[in-house]
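Peer 1: fold the following.
(4 chains)
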There are 2 protein chains.
Amino acid sequence: MSVKVKKGNKKLSSNMEDYLEAIAVLKKDRGVARVGDISRLVNVKKPSVTSALSVLSGKGLVVHERYGYVEFTPKGKIIARGIKKRHDMFVRFLVDVLGIDSQTAAEDACRMEHTVSSETFENLTKFIEFVDTHPDGDRPEWLKRFDHYSKTGKRLKCTIKEAGRRAEE
Amino acid sequence: MSVKVKKGNKKLSSNMEDYLEAIAVLKKDRGVARVGDISRLVNVKKPSVTSALSVLSGKGLVVHERYGYVEFTPKGKIIARGIKKRHDMFVRFLVDVLGIDSQTAAEDACRMEHTVSSETFENLTKFIEFVDTHPDGDRPEWLKRFDHYSKTGKRLKCTIKEAGRRAEE
DNA sequence: AAGATTTGTTAAGCTTCTCTAACAAAGAAA
DNA sequence: TTTCTTTGTTAGAGAAGCTTAACAAATCTT
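Peer 2: Presented below is the predicted three-dimensional model:
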């Protein structure tokens, strides 16, 4: 016989993901997460936070007693960690590869992080790893070429060093 | 003295962008866009399309008379073109760079395309250009290295040709 | 042309998420 | 402790978008 209780096992909306993420950030930065801080971070009014918390609570992701701090359940903590991972990954891609300024990157990441399939997430992660763990020097040669292409619209046919020498002429 | 008519100049919601995009696709593929086809493409019921069309109509982006085909206004056509550009660019990135299968890439692109800032869009466009207009051969050497890294988790320290030779051993 | 089928619209209602206004609890200060 | 201030909650309402059910127009068939 089937269970009647709402399981709340559906996928989270991106709004709810935002709340979870904000809570994670606050707990990390200040130790505790309070309604007012969440509302500031997510950029909504406090009543919206209260109602979001009751939703998340219903899904078994946070614990929140009236007028108290917000805590994660173990399940909530795991999900929040996953969200943060995706977020950071996007920021890294936008900043490290595309050269977006970190302010804009953070904003874009906040929106993009809710939309990717796990395939894309995985491959993008690998891509960033590939870039960031590059052996020779901080930044791969080809990315330096991209930087140049991005700035000037022109391809470098030679190495950066040669280009540097030329530029000095 | 200020105009009282609703100008409808606000930014489009991503839902409305989806409708515009669907209309563009249909007009391109079949010459005309009808409510039923749009509803299938966007994956909503027909009444949702009808009401979306009245919104888009109110914003001066489409023309739609009862029981008739849907047409773009000049303004609508321009906007739809922009949306399609972003969409295609994402698909190219996901497929050409990350190696996502085109089915998943299309789905992801549909969601991601609504979320990027113009900075990110521009830089991502440049990045794709940089990749796709690579001079020597179809695919840049470093991307081949990424493909390998992605598949095996191991970096190639040598050229692909050498790796190929090794693999044959 | 008459009826049957397909296609589109209207009406009404639900869900999610937001807001403002008003109130209640907690904490700080007197 | 009584009052003031800050913080949080409740209630009520509204925007967007979606759905189903019922109806109307258009099109196809014969």
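Peer 1: so the residue nearest to the spatial centre of chain A versus DNA strand D, what's the distance?
Peer 2: For chain A, residue A:87 is the residue whose C-alpha lies nearest the centre (CA atoms, centre = their mean; 0.9 Å). As for residue A:87, its distance to DNA strand D is 24 Å (criterion: CB to the nearest atom of the strand, to the nearest Å). C-beta here means a position set from N, CA and C on the backbone, and glycine is covered the same way.
Peer 1: wait, residue A:94 touches residue A:110, no?
Peer 2: No. Taking contacts as CB atoms under 8 Å, residue A:94 lies outside contact range of residue A:110: 11.2 Å.
Peer 1: returning to what we had before: tell me the pLDDT at the residue lying closest to the residue nearest to the centre of chain A once chain neighbours are set aside?
Peer 2: Excluding the flanking residues, the one nearest residue A:87 by CB to CB, 6 or more residues apart in numbering or on different chains is residue A:113, at 4.7 Å. pLDDT, residue A:113: 93.
Peer 1: whichever strand or helix holds residue A:143: which residues count as buried?
Peer 2: Counting by DSSP states H and E, the element that carries residue A:143 is helix A:141-152. Residues of helix A:141-152 classed as buried: A:141-150 (neighbour count, 16 or more other CB atoms under 10 Å in any protein chain shown).
Peer 1: what is the burial count for the residue in chain A that DNA strand D sits nearest to?
Peer 2: At 2.7 Å from DNA strand D, residue A:36 is the closest residue in chain A, using CB to the nearest atom of the strand. For residue A:36, the tally of surrounding residues (other CB atoms under 10 Å in any protein chain shown) stands at 10.
Peer 1: spatially nearest residue to it (excluding sequence neighbours)?
Peer 2: residue A:46 (6.2 Å).
Peer 1: show me the residues around that neighbour that make contact.
Peer 2: Residue A:46 is in contact with A:35-36, A:39, counting by CB atoms under 8 Å, 6 or more residues apart in numbering or on different chains.
Peer 1: those residues in helices, which ones?
Peer 2: A:35-36, A:39 (DSSP state H).
Peer 1: can you give me the strands in chain A?
Peer 2: Using DSSP state E, the strands found in chain A span residues A:62-64, A:70-72.
Peer 1: fine by me, thanks again.
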